[in-house]
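J.: Return a 3D structure for these sequence lines:
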Amino acid sequence: MATNNRSQLNSPQPISVFISYSHNPIDQSLKDQLVQHLKPLKRQDVITTWHDQDIPPGSDWSEEININLDNADIVLLLISVNFIG
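T.: Numbering: from 1, shown residues only. Predicted structure coming up:
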């Protein structure tokens, strides 16, 4: 009997999404809202998300950003006036 259980299928790796945004309170709030909207896809292992707040304390932030940017399947730039400035 066939099942539709993702863990039993040879499912592809989740799509890696890199999120870049301006670090002002308004844009951070919008980024947080986006991450909330993406949670169902994360729970289903369809995507993973990464943004600079995921950098572990004490890590080389530049290296962490470059690694995650290089490994991203999708790069989301949350463009705003503050981002451009």
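J.: center of the protein - which residue?
T.: In the chain, the C-alpha nearest the mean C-alpha coordinate belongs to residue 49, at 2.0 Å (CA atoms, centre = their mean).
J.: what's near enough to touch the nearest residue to it once chain neighbours are set aside?
T.: Nearest non-adjacent residue to residue 49, counting by CB to CB, 6 or more residues apart in numbering: residue 17, 4.8 Å away. C-beta coordinates here come from the backbone N, C-alpha and C atoms, glycine included. Residues in contact with residue 17, defined by CB atoms under 8 Å, 6 or more residues apart in numbering, are 38, 47-50, 72-76.
J.: buried set for the helix or strand harbouring residue 17?
T.: In this assignment (DSSP states H and E), residue 17 forms part of strand 15-20. The neighbour-count check on strand 15-20 (16 or more other CB atoms under 10 Å) flags 16-20 as buried.
J.: hey, C-alpha coordinates of the one helix or strand residue 31 maps to in CSV?
T.: Applying DSSP H and E as the criterion places residue 31 in helix 25-43. Written as CSV, here are the backbone C-alpha positions of helix 25-43 (Å, rounded to 0.1, in the frame of the first residue of the first chain):
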residue,chain,number,x,y,z
PRO,A,25,12.8,48.5,13.2
ILE,A,26,10.2,48.7,10.4
ASP,A,27,12.1,46.5,8.0
GLN,A,28,13.0,44.0,10.8
SER,A,29,9.3,43.8,11.6
LEU,A,30,8.4,43.1,8.0
LYS,A,31,11.2,40.4,7.8
ASP,A,32,9.7,38.8,11.0
GLN,A,33,6.2,38.8,9.4
LEU,A,34,7.7,37.1,6.2
VAL,A,35,9.4,34.5,8.3
GLN,A,36,6.0,33.8,10.1
HIS,A,37,4.3,33.4,6.7
LEU,A,38,7.0,30.9,5.6
LYS,A,39,6.7,28.7,8.7
PRO,A,40,4.2,26.2,7.2
LEU,A,41,6.7,25.5,4.4
LYS,A,42,9.5,25.1,6.9
ARG,A,43,7.4,22.7,9.0
